[in-house]
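Visitor: what's the 3D shape of this:
(2 chains)
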Amino acid sequence: NAGVTQTPKFQVLKTGQSMTLQCAQDMNHNSMYWYRQDPGMGLRLIYYSASEGTTDKGEVPNGYNVSRLNKREFSLRLESAAPSQTSVYFCASSEWRGYGYTFGSGTRLTVV
Amino acid sequence: AQKVTQAQTEISVVEKEDVTLDCVYETRDTTYYLFWYKQPPSGELVFLIRRNSFDEQNEISGRYSWNFQKSTSSFNFTITASQVVDSAVYFCALSDVGMKTSYDKVIFGPGTSLSVIP
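Guide: Model (predicted):
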């Protein structure tokens, strides 16, 4: 029972490079989320997907795009990485409102 | 507006002491859920407990216990006989299902960093 799987765990990018963070869940959850965690800023929602086929912006969507490929997978893309996107990124899923999240193990991204 | 406050930024205790982490929330709705998550030094976020707004019974799980008081909008977390492995950041969170959102909108508190000293 893997839960939520995120890849990669660590990544270093140069400014301007692009990359995609992958996330997959095997719990048949409807909703999926991307958060970033920064010191002193807590957890901030980047994008979410309430259900397969839909995506919406969260608090801090600028510089990111997402794709809900199917019910299992929700990817986050940085088209042109900036040092301000250095952060720890968490993918999460939830079955329905009020159930809370199951988180992936996180991706530590450094943009130099 | 929904808000979760964890006034204790950092707490240090000596091993085997009891420690309580405070959580105060704000919401206008009568139907909501409260959560605690643990983030150990390894970085993952681990779900600890979920509580709905209609169930004010306290809950105990081993050395962990939770005290939910609607009258004071608090959902405090106590660790009894703390251990070094309890060292982590603990997040309190609120899911306001009364709101007409299509997704599980979870509001996280800023977290309390607990250090248990051997």
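Visitor: which residues in chain B form strands?
Guide: For chain B, the strands defined by DSSP state E cover B:3-5, B:10-14, B:19-21, B:24-26, B:33-39, B:46-52, B:59-61, B:64-69, B:74-79, B:88-95, B:106-108, B:112-117.
Visitor: what helices or strands is the third one leaning on?
Guide: Under the contact criterion of 3 or more C-beta pairs under 8 Å, 6 or more residues apart in numbering or on different chains; DSSP states H and E, strand B:19-21 touches strand B:10-14, strand B:74-79, strand B:112-117. All C-beta spots, glycine's among them, are computed from the backbone N, C-alpha and C.
Visitor: Can you lay out the ones you listed as TSV showing mean neighbour count and distance to residue A:11?
Guide: Shown next, in TSV, are these (neighbours: other C-beta atoms under 10 Å in any protein chain shown; distance: least, C-beta to C-beta, whole Å):
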stretch	mean neighbour count	distance to residue A:11
strand B:10-14	13	29
strand B:74-79	20	33
strand B:112-117	17	26
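Visitor: Looking at those strands, which is nearest to residue A:59?
Guide: strand B:112-117 (21.8 Å; C-beta to C-beta).
Visitor: Please name the strands paired to that closest one in the sheet, noting orientation.
Guide: Next to strand B:112-117 in the sheet, as set by DSSP bridges, lie strand B:10-14 (parallel), strand B:88-95 (antiparallel).
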